[in-house]
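Undergrad: need a 3D model of the following:
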Amino acid sequence: MKLLKTIPLLLAMLLAFSTLTLAEDTAEEIDNDSNEALMVFYKEVNGGKKFLDNAKGYVVFPDVKEAGFFVGGKYGEGALRVNGETSGYYSITSASMGFQMGAQQYSLIIAFTTDQALKIFMRDDDWETELDLNIALAEYNAEEEADDVDFGSNMVGFVFDSEGMMGNFSFEGTRFERITPDID
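TA: Take a look at the predicted model:
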């Protein structure tokens, strides 16, 4: 019983002292942060630039924050790029319950390797990974070129530039939603 009273208190403290902010950045800030994240991606992932150049489109989430203590969540904002140009802005959110503890921050790119996958992503204002499409988390040898690997999916997620410790990464229960950030 004491544990049941302690968990809400700890959750409230986590939220109160968290650096996790849910305020939307401006379109210019999202684009600039996305460009910086792409530069890091190109340096960290062999063949990453060529892989994205061959993709039908990709969404860049330059600063996803995730935290949890039995109850957890993640949030980030990003830019959808088609033919190298921004064609929309999206948020990524997720909530989870279970044994988890920690916090991390990372960049995420989801590449759409087929026109159909890109159309499904762009079709609705929001969707969840289990309901619409499954995203393959890129696993490859650091010496391999990303553009030479068959990831076996028409949507491939790359997690990079990670800080902190959360224990695992999952797209399960992840929701993507179209947002309209301020112009300035």
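Undergrad: drop to CA atoms for contacts and neighbour counts, all remaining ones
TA: Will do.
Undergrad: packing partners of the strand ranked longest in the chain?
TA: Of all the segments of type strand in the chain, defined by DSSP state E, the longest one is strand 85-112. Judged by 3 or more CA pairs under 8 Å, 6 or more residues apart in numbering; DSSP states H and E, the packing partners of strand 85-112 are helix 27-44, strand 57-82, strand 155-165, strand 175-179.
Undergrad: wait, which of these is closest to Asp124?
TA: Among the helices and strands packed on strand 85-112, the nearest to Asp124 by CA to CA is strand 175-179 (8.2 Å).
Undergrad: other SSEs contacting the closest one?
TA: If contacts are counted by 3+ CA pairs under 8 Å, 6+ apart, strand 175-179 sits against strand 85-112, strand 126-128.
Undergrad: and the angle for that strand with helix 27-44?
TA: With axes from the mean of the first three to the mean of the last three CA atoms, to 10 degrees applied, the angle from strand 175-179 to helix 27-44 works out at 130 degrees.
Undergrad: strand 175-179 pairs with which strands, parallel or anti?
TA: Strand 175-179 pairs in its sheet with strand 85-112 (antiparallel), strand 126-128 (antiparallel), by DSSP bridges.
Undergrad: out of those, nearest to Asn154?
TA: Short answer: strand 85-112, nearest of these by CA to CA, at 5.8 Å.
Undergrad: that closest one to strand 155-165, inter-axis angle?
TA: Between strand 85-112 and strand 155-165, the angle comes out at 90 degrees (the same axes, to 10 degrees).
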